[in-house]
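return a 3D structure for these sequence lines:
(2 chains)
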Amino acid sequence: AQSVAQPEDQVNVAEGNPLTVKCTYSVSGNPYLFWYVQYPNRGLQFLLKYITGDNLVKGSYGFEAEFNKSQTSFHLKKPSALVSDSALYFCAVRDRAGRRALTFGSGTRLQVQP
Amino acid sequence: EAQVTQNPRYLITVTGKKLTVTCSQNMNHEYMSWYRQDPGLGLRQIYYSMNVEVTDKGDVPEGYKVSRKEKRNFPLILESPSPNQTSLYFCASSLRGDEQYFGPGTRLTVT
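Here you go, the predicted model:
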C-alpha cells in the first residue's frame, strides 16, 4: 500500500524567509509525486509534480520540490515566502505501476507572517 | 474555460434521505475521482473511474455509489446518508490519473 506522511500540522515563517514543507512517502515501486495547495473555501490546485528526471522540480508561484529517493522524501520549498502563500499544502503519491489512485498526506498549514 | 463543476456546493440533509452530488468536467478527461476531506485526515479517495463504465473502489467506498455513463459526468450517490458522511467532498479529473483538476467542493451535512 502507498502512503504519505506530512509530519508538521503547521509551519510558521516570516515573509521573505525561505520555507520548507516536509513530505515523506512509501510506495512499492517508483513514485509519481505531487504537491497541491488549497486556499480557504477553494478546491485543490496543482503546484508541481515529479515523474522522472531532474530531482529538483520547479512549479507554480515560485515553488520547487526536491525528490530524494534514498530518504523517500519530496519536500516543498520556496526561497522567499509571501503572505499570500499562506494556505493548506498537500503532498500526494501514486505508484507508477499501480492503480491510478492518488494517496494524499494529511496536509500542512503554512502561515506566513508579515 | 477548462473546469470541473460540482452541484450542489452546500447541502444539509437528514439521515436516510437519498442524495446525489453531480460532477462534470469539460476537458475530455478519461480519469475521474471522488474524495472526501476531513480535518487531520487529508483527502481520502472514495471511488474512481478510468473511463466510461469503468469504476473501482478507493480507500473509503462504504456507503457510496458512483456511475460513469458519460465521459464528462461522474455523480456520487449516497443512498442512505448517515452523520459520519458529513464531510467536504471533491470531484477531480485528469487525462492519465496524474495531474488532477479539482472541483470547488461540496460541503455536506447529515443530521
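
residues touching residue 61, list them.
Went with chain A since none was named. If a contact means Cβ atoms under 8 Å, 6 or more residues apart in numbering or on different chains, then residue A:61 has A:47, A:78, A:85 as its contacts. Where C-beta positions appear, they are placed from N, C-alpha and C, glycine not excepted.

that was the other one, I meant chain B.
B:46-47.

now it, what's its secondary structure?
coil (DSSP: H, G, I helix; E, B strand; the rest coil).

state the distance from it to chain A.
For residue B:61, the distance to chain A (Cβ to the nearest Cβ, to the nearest Å) stands at 11 Å.

with residue B:48 instead?
Remark: distance between residue B:48 and chain A (Cβ to the nearest Cβ) = 6 Å.

that residue: neighbouring residues, count only.
Residues contacting residue B:48 under the criterion other Cβ atoms under 10 Å in any protein chain shown number 25.

returning to that earlier point: would you mind giving the contacts of residue A:61 as CSV with neighbour count and distance to chain B added?
Output for the contacts of residue A:61, formatted as CSV (neighbours: other Cβ atoms under 10 Å in any protein chain shown; distance: Cβ to the nearest Cβ, whole Å):
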residue, neighbour count, distance to chain B
A:47, 21, 10
A:78, 21, 20
A:85, 19, 19
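
narrow those residues to those in strands?
Secondary structure defined by DSSP state E assigns A:47, A:78 of the contacts of residue A:61 to strands.

closest one to residue B:24 out of the contacts of residue A:61, please.
The shortest gap between residue B:24 and any of the contacts of residue A:61 belongs to residue A:47, at 24.5 Å (Cβ to Cβ).
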